[in-house]
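>>> pasting a predicted model and its sequence here:
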Amino acid sequence: MSHSVTVTRTTTTTASSTAIIINTGYLSTLPGILKLLQTVINAICVGLAAYYFDRYYYSGNKDLFFLLVANAFLIGTALLLISSLWSLGTATILPKTVFDYLYHSTAFLLYLIASVLLLIAVSDRGSRYSSHAGLMTASVSKNTATDLTITFKTFLFLCVVLQILGLINAGLYLFAAILSRRTYKYGG
């Protein structure tokens, strides 16, 4: 008995190149949208707080705490977003870990505390300003008093905007923590 055997040899040539693949589908998921919104709001909070607290009125610990919380979670959330966009494995594994739940829960609590402390600081400043406004106007020229009033009102408005953005971000982190807890606890 004779057999015939056919051997087929396939050669594959690959070029060595580094391809960066971005997981853009992550931005269409709920966790991706939440992380993007959180990062944008964090960046706005850090930018506004750093600029105006340095330029106008810095009263100390409460302002600094808000700025530190916003800055810390800007960096953390931006890194989580970038790693989820860069790696499909990170985007699928990270939400199933307890880290994601703890991160978002901590962010919620700290943003809530920072926003409330900023609210207290602004209400203190507003009451001090209104009780001393007559004394300031009497002791400085009219143009300077008007400039101080406009600047201080702008600063108070900015602080209210920061409080609102902080509370919105706290709500987003709370929603992400609930979503993360459900994913972690029930596996998907």
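Yes, it's here. Just so you know, these numbers come straight off a predicted model, no measurement behind them.
>>> from now on I want contacts and neighbour counts done on CA atoms only, so please keep to that.
Fine.
>>> what about Ala19, which SS state?
Using DSSP: H, G, I helix; E, B strand; the rest coil, the structure places Ala19 in coil.
>>> avg pLDDT for the strand or helix carrying Thr151?
In this structure, Thr151 sits in helix 142-186 according to DSSP states H and E. Regarding helix 142-186, the rounded mean pLDDT is 79.
>>> change the start of the numbering to 39 and stick with it
Sure thing, new numbering starts at 39, so read that last one as helix 180-224.
>>> just checking, what packs against it?
Where contact means 3 or more Cα pairs under 8 Å, 6 or more residues apart in numbering; DSSP states H and E, helix 180-224 is packed against helix 68-93, helix 136-177.
>>> now do the shortest one against helix 180-224, angle only.
Put simply, helix 68-93 runs at 150 degrees to helix 180-224, going by axes from the mean of the first three to the mean of the last three Cα atoms, to 10 degrees.
>>> find the nearest non-adjacent residue to the most centrally placed residue in the chain, please.
Note on the chain: the residue nearest the mean C-alpha position is Asn80, at 3.0 Å, using Cα atoms, centre = their mean. Counting by Cα to Cα, 6 or more residues apart in numbering, the nearest residue to Asn80 once its immediate chain neighbours are dropped is Leu112, at 5.1 Å.
>>> what is the burial count for Ile71?
Around Ile71 there are 14 other residues, counting by other Cα atoms under 10 Å.
>>> that older thread, out of the helices and strands packed on helix 180-224, which comes closest to Phe193?
Closest approach to Phe193 among these (Cα to Cα): helix 68-93, 7.3 Å.
>>> quick one: low-confidence parts of this structure?
For the chain, applying pLDDT under 70 flags the ranges 39-55, 94-98, 163-188, 190, 225-226.
>>> one more pass at 80, please.
Filtered on pLDDT under 80, the chain yields the residue ranges 39-58, 90-99, 160-194, 222-226.
>>> before we move on, back to that, what helices or strands is whatever helix or strand the residue nearest to Asn80 lives in leaning on?
Using DSSP H and E, the element containing Leu112 is helix 99-124. When contacts are defined as 3+ Cα pairs under 8 Å, 6+ apart, helix 99-124 sits against helix 68-93, helix 126-131, helix 136-177.
>>> that one versus helix 180-224: what angle between them?
Here helix 99-124 runs at an angle of 50 degrees relative to helix 180-224 (the same axes, to 10 degrees).
>>> list the buried residues of helix 99-124.
Neighbour counts using 16 or more other Cα atoms under 10 Å place 100-109, 111-112, 115-116, 118-124 of helix 99-124 among the buried residues.
>>> thank you kindly, that will do.
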